[in-house]
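**Q** Just to be clear, the model below is a prediction. Sequence and coordinates:
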Amino acid sequence: MGPFVPDIITDELNLIIGFLIGMAFGFVLEQAGFSSSKKLTGLFYGTDFTVLRVFFTAGVTAMSGVTLLSTLGMLDTKIIFIHPTFLYAALLGGVVMGLGFVIGGYCPGTAFCGAAIGKIDAIVFVLGGIFGVFLFGEAYPYLSDFYRSGAFGDLTVYSLLGMSAGQFGLIMIGIAVSAFIAVGQLERWINPHGPASSFPKVSHRMAAAAILLIGVILAMVPERTERFQRIATSETYQRQHPVKRMSADEIAFRILDKDPELQLIDIRPPEAFAQQSLPGAVNIRPSEFFSKQWDDILRSRKTKVLVADEETPATTAAALASLLGYQRVAVLEGGLSHFTKTILEAPSAEPNLENANQDERRFRLRAAPLLTKMISERNNLPPAKRPVKKVLGGCGI
Amino acid sequence: MNMNAKREPAPYMNPYQAGFLLGLILLMTIYITGRGLGASGAFKSVVVAGVAAVAPEHAAQGDFYQATATSHSPLKAWLVFEALGLTLGAFLSGVVSHRLTWQVEHPTHVRPRTRIIAALVGGTLFGFGAMLGRGCTSGAALSGLAVLSAGGILTMAAIFGAAYGSAWFFRRLWN
């Protein structure tokens, strides 16, 4: 599952990858004509809509790909860098950049392209850009409060609008295709010799139909998390894929035995986990099974016993884990409530029991104080919550 | 110095085709590295490295210069390598399409000096704005659009909105 940074690809190798990606990026930008300020600013005067076409096509292609890979479980969108939202700085920064674009005729990436093929104005733009960053650095002490105001974190538009990524993707594709049609008409009218005059109509219509179709598919396929959770909760699936149940006595014995093959996974909310949890348990919510965050534990060769207050939520979580390809998953029979009742609160009075059950009872009576002590010692521990190892990115601070 | 005086520059690529390729490159970048493309971040690395070299005491005081200061040189950053690659890639494209020429690109009625001053002013504004917006057309707008970031799409709308809104006032620079 992607991305491969920071786990698989090292920092050094990543720099080489960055260089190679940059080469491809620069080559295509130059081929598209982004090394010419006349062509770039044609967008703002209606003579040449190349920028809009390239930009929107690239955005829609990448967006569809990201949504698709995430639906197929090949890309962990919890880890990738999402440009953070700081409302006011995003707006004012955009306005200042827009002015810079019209006056200077380039943006930073395209200025590198122009400079590379000998455009002196582009080289000057790059020097101006460096100077502008320096000015910002000097002004930063006065700007830092504004720079950080209106913070919304990793906010995505689709979550803001309460839809799935695919549904918003379809809207974006619709906007892009409409914009392509509109600017084609406009360009032919303002500048009969513009790029639109040479477009092969049939292939363009087919491409538009294809991307719209992809958009419809993206919008119709439910998100992966939702899809898997629905299957995992279905009775039919659970009946066909029975989960191994481990008895409270066996768990208690293996805890006291310090069995290295046992991994308890507490799926309850963090608050409940912080209050009381079994010795050696880690707190992983079922929704976190989708992320790479806990991969090392979920993929380990140990027997992973899922624990909740009752058995049913643990069984659903175990079904989800097996759907996601995690093996050697079991659940605590009867849940924590049963464990507490039978082991921790084992009745000390000895009713008349058959011999076979006497052993069990003796074990429970011996285990109860030891386990209670181990559990109460855990309560003084700070919650061991693992921070999401996110990829660093972006151009700001 | 006319390096390709003999041959006509090749026509530009179909914009949709170029956009599709660019989108695939961006997708590959996100898939492999988990981050998007960028350009203005390279400006920042140069400034941080420059200030640290010229006035280390001043750099030690400012939050802006410290936020990215790490144990190694600020020039050993992903975006610096990407920007170097970008420049080389564009150069190679210029070679194969016969577009290498030293020139100040300016409309016929605009003096080269005016164009140079406008490029300097525009570049300064863009550099300043890109730091404020935490990324430029590549880092905030395009990469933000790919992952449907609200801030990235907002910045994109602001860039193009402001550019259209002010285009009329600067029309003499271009038409």
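**A** Looks like it came in fine.
**Q** which residues sit in contact with the most centrally placed residue in chain B?
**A** When C-alpha atoms, centre = their mean is applied to chain B, the residue found nearest the centroid is B:Ala39 (4.5 Å). When contacts are counted by C-beta atoms under 8 Å, 6 or more residues apart in numbering or on different chains, B:Ala39 touches A:107-109, A:112, A:395, B:79, B:83, B:86, B:136-139. Placement of C-beta: from N, CA and C, glycine included.
**Q** again with A:Leu278
**A** A:251, A:255, A:264, A:266, A:307, A:336, A:339, A:375.
**Q** residue ranges with poor pLDDT in chain B?
**A** Scanning chain B for pLDDT under 70 picks out the ranges B:1-6, B:67-72.
**Q** of all of it, which residue lies closest to chain A?
**A** Nearest residue of chain B to chain A (C-beta to the nearest C-beta) works out as B:Gly122 at 1.7 Å.
**Q** For that residue, grab the count of nearby residues.
**A** Residue neighbour count, defined by other C-beta atoms under 10 Å in any protein chain shown, stands at 30 for B:Gly122.
**Q** what's the answer for A:Asp266, then?
**A** 23.
**Q** Distance of the spatially closest residue to B:Thr137 that is not a sequence neighbour relative to A:Leu160?
**A** Nearest non-adjacent residue to B:Thr137, counting by C-beta to C-beta, 6 or more residues apart in numbering or on different chains: A:Cys107, 4.2 Å away. Relative to A:Leu160, A:Cys107 is positioned 26 Å away (C-beta to C-beta, to the nearest Å).
**Q** Look at the two and report which has more neighbours.
**A** A:Cys107 (31 against 14).
**Q** contacting residues around that one?
**A** Applying C-beta under 8 Å, 6+ apart, the residues near A:Cys107 are A:40, A:97, A:100-101, B:39, B:126, B:136-138.
**Q** Identify, from these, the entry nearest to A:Ala317.
**A** B:Ser138 (41.1 Å; C-beta to C-beta).
**Q** so A:Lys304 sits in a strand?
**A** Yes - when classified by DSSP: H, G, I helix; E, B strand; the rest coil, A:Lys304 is found to be part of a strand.
**Q** State the number of residues packed around it.
**A** Look at A:Lys304: counted by other C-beta under 10 Å, it has 23 neighbours.
**Q** That one against A:Leu332, yeah?
**A** No - between A:Lys304 and A:Leu332 there is no contact under C-beta atoms under 8 Å: 11.2 Å.
**Q** can you give me the offset of stretch B:114-126 from its chain's centre?
**A** Chain-centre distance of stretch B:114-126: 14 Å, with C-alpha atoms, centre = their mean, to the nearest Å.
**Q** buried sites along it?
**A** Counting neighbours by 16 or more other C-beta atoms under 10 Å in any protein chain shown, one finds that the buried residues in stretch B:114-126 are B:115-126.
**Q** ok, now stretch B:152-172?
**A** Neighbour-count burial for stretch B:152-172 [16+ other C-beta under 10 Å]: B:152-156, B:158-160, B:162-163, B:166-167, B:170.
**Q** So which of those residues reach chain A?
**A** With C-beta under 8 Å from any C-beta of the partner chain as the criterion, these include B:152-156, B:158-160, B:162-163, B:166-167, B:170 near chain A.
**Q** in stretch A:311-320, what's buried?
**A** A:311, A:313-320.
**Q** How many neighbouring residues does the closest residue to A:Arg224 other than its chain neighbours have?
**A** Leaving aside its chain neighbours, A:Arg224 sits nearest to A:Thr71 (5.2 Å; criterion: C-beta to C-beta, 6+ apart). Using other C-beta under 10 Å, A:Thr71 has 20 other residues around it.
**Q** Torsion angles phi and psi at A:Thr71?
**A** phi -60, psi -40 (degrees, to the nearest 10).
**Q** where does it sit relative to chain B, distance-wise?
**A** 14 Å (C-beta to the nearest C-beta, to the nearest Å).
**Q** who are the neighbours in contact with that residue?
**A** A:166, A:218, A:221, A:223-224.
**Q** For burial, what's the neighbour tally of whatever residue of chain A ends up closest to chain B?
**A** Nearest residue of chain A to chain B, counting by C-beta to the nearest C-beta: A:Gly104, 1.7 Å away. Number of residues near A:Gly104 (other C-beta under 10 Å) recorded here: 33.
**Q** picking up where we left off before, take the buried residues of stretch B:152-172 and lay them out in JSON lines including secondary structure.
**A** Converted to JSON lines, these look like this (three-state DSSP):
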{"residue": "B:Gly152", "secondary structure": "helix"}
{"residue": "B:Ile153", "secondary structure": "helix"}
{"residue": "B:Leu154", "secondary structure": "helix"}
{"residue": "B:Thr155", "secondary structure": "helix"}
{"residue": "B:Met156", "secondary structure": "helix"}
{"residue": "B:Ala158", "secondary structure": "helix"}
{"residue": "B:Ile159", "secondary structure": "helix"}
{"residue": "B:Phe160", "secondary structure": "helix"}
{"residue": "B:Ala162", "secondary structure": "helix"}
{"residue": "B:Ala163", "secondary structure": "helix"}
{"residue": "B:Ser166", "secondary structure": "helix"}
{"residue": "B:Ala167", "secondary structure": "helix"}
{"residue": "B:Phe170", "secondary structure": "helix"}
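**Q** show me what contacts the closest residue to B:Ala49 other than its chain neighbours?
**A** Leaving aside its sequence neighbours, B:Ala49 sits nearest to B:Pro74 (C-beta to C-beta, 6+ apart; 4.6 Å). Going by C-beta under 8 Å, 6+ apart, B:Pro74 touches B:45, B:48-49, B:52, B:68.
**Q** Give me the distance between B:Pro74 and B:Val48.
**A** From B:Pro74 to B:Val48 the distance is 4 Å (C-beta to C-beta).
**Q** And for A:Leu323?
**A** For A:Leu323 relative to B:Val48 (C-beta to C-beta), the value is 47 Å.
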